[in-house]
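Asks: need a 3D model of the sequence below.
(one chain, ligands or ions: 1)
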Amino acid sequence: MTDLYELIRNVPDFPRPGIQFKDITPLLRHPAGLALAVELLANPFRGRNIDIVVGAESRGFIFGTALAQALSAGFVPIRKPKKLPADKVSITYDLEYGTDTLEIHRDAIRAGEKCLLVDDLLATGGTMEACCGLVEKLGGQILGIAVLIELQFLNARNKFNRYEMHSVLKY
Ligand code: AMP
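Replies: Here you go, the predicted structure:
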């Protein structure tokens, strides 16, 4: 079977000294690896009647649409400021230095819809917390979170105790 760990390239000191960047592009260009990654992301959530898969710009889009198709769900993008054209809801969250903002269309999720949030990688969990906040502002019900890679040494999982957290590859 394809070893997904072998398809993740570790790039030291990118984008800053001390960061070990997990580069998913070798996995994305590998047909069997890509298919397996999407299958393993989807498996715990099959038969759970997920309405909407939600993914944040930009690597959340890559797995998000594939995962939505695998689960016969729709896909909703969360975007960086000033990208979405229609009426939207914003959330601002803290980074190591400064803050960042993410946005979602106000009509993208209806109250009570069952949502699955996805991203390529969970590091400190700040991005995912902000995404959860946006979905909940719209009344979406978060059934779970699926990430391809979890950096377990950062302990972000603790921030998501109230949700089902699924990661495929753990470091
Ligand atoms: P965080 O908000 O700290 O959980 O960071 C998550 C976001 O930053 C994800 O969308 C990742 O794509 C990106 N990211 C953070 N750390 C890394 C890393 N070591 N390698 C690759 N991407 C990362």
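Asks: check what pLDDT the spatially most central residue of the chain gets.
Replies: Residue closest to the mean C-alpha point of the chain, counted by Cα atoms, centre = their mean, is D119 at 1.8 Å. The model reports D119 with a pLDDT of 98.
Asks: give me the phi and psi for the closest residue to it other than its chain neighbours.
Replies: Closest residue in space to D119, ignoring its immediate chain neighbours: G60 at 4.6 Å, by Cβ to Cβ, 6 or more residues apart in numbering. The way it works is simple: take the backbone N, C-alpha and C, and place the C-beta from them, glycine included. The phi and psi values for G60, taken as degrees, to the nearest 10, are phi -70, psi -20.
Asks: when you give positions from now on, start the count at 751
Replies: All set: I'll call the first residue 751, so the last point we hit is now G810.
Asks: is G810 in contact with V868, as I believe?
Replies: Yes: proximity of G810 to V868 meets the contact threshold set by Cβ atoms under 8 Å, at 5.8 Å.
Asks: which one of those two has more residues nearby?
Replies: Between G810 and V868, V868 has the larger neighbour count (other Cβ atoms under 10 Å), namely 30 against 25.
Asks: mind checking the SS state of A816?
Replies: Here A816 is helix, with the state taken from DSSP: H, G, I helix; E, B strand; the rest coil.
Asks: hmm, I typed the wrong one, I wanted E886.
Replies: helix.
Asks: ok, now how distant is it from the ligand?
Replies: Taking Cβ to the nearest ligand atom, to the nearest Å as the measure, E886 falls 17 Å from the ligand.
Asks: also L898?
Replies: For L898 relative to the ligand (Cβ to the nearest ligand atom), the value is 10 Å.
Asks: same question for S822.
Replies: 25 Å.
Asks: pLDDT of stretch 896-913, averaged?
Replies: Mean predicted lDDT for stretch 896-913 stands at 97.
Asks: can you list the buried residues in it?
Replies: By neighbour count on 16 or more other Cβ atoms under 10 Å, the buried set for stretch 896-913 is A896, V897, L898, I899, E900, L901, A906, R907, K909, F910, Y913.
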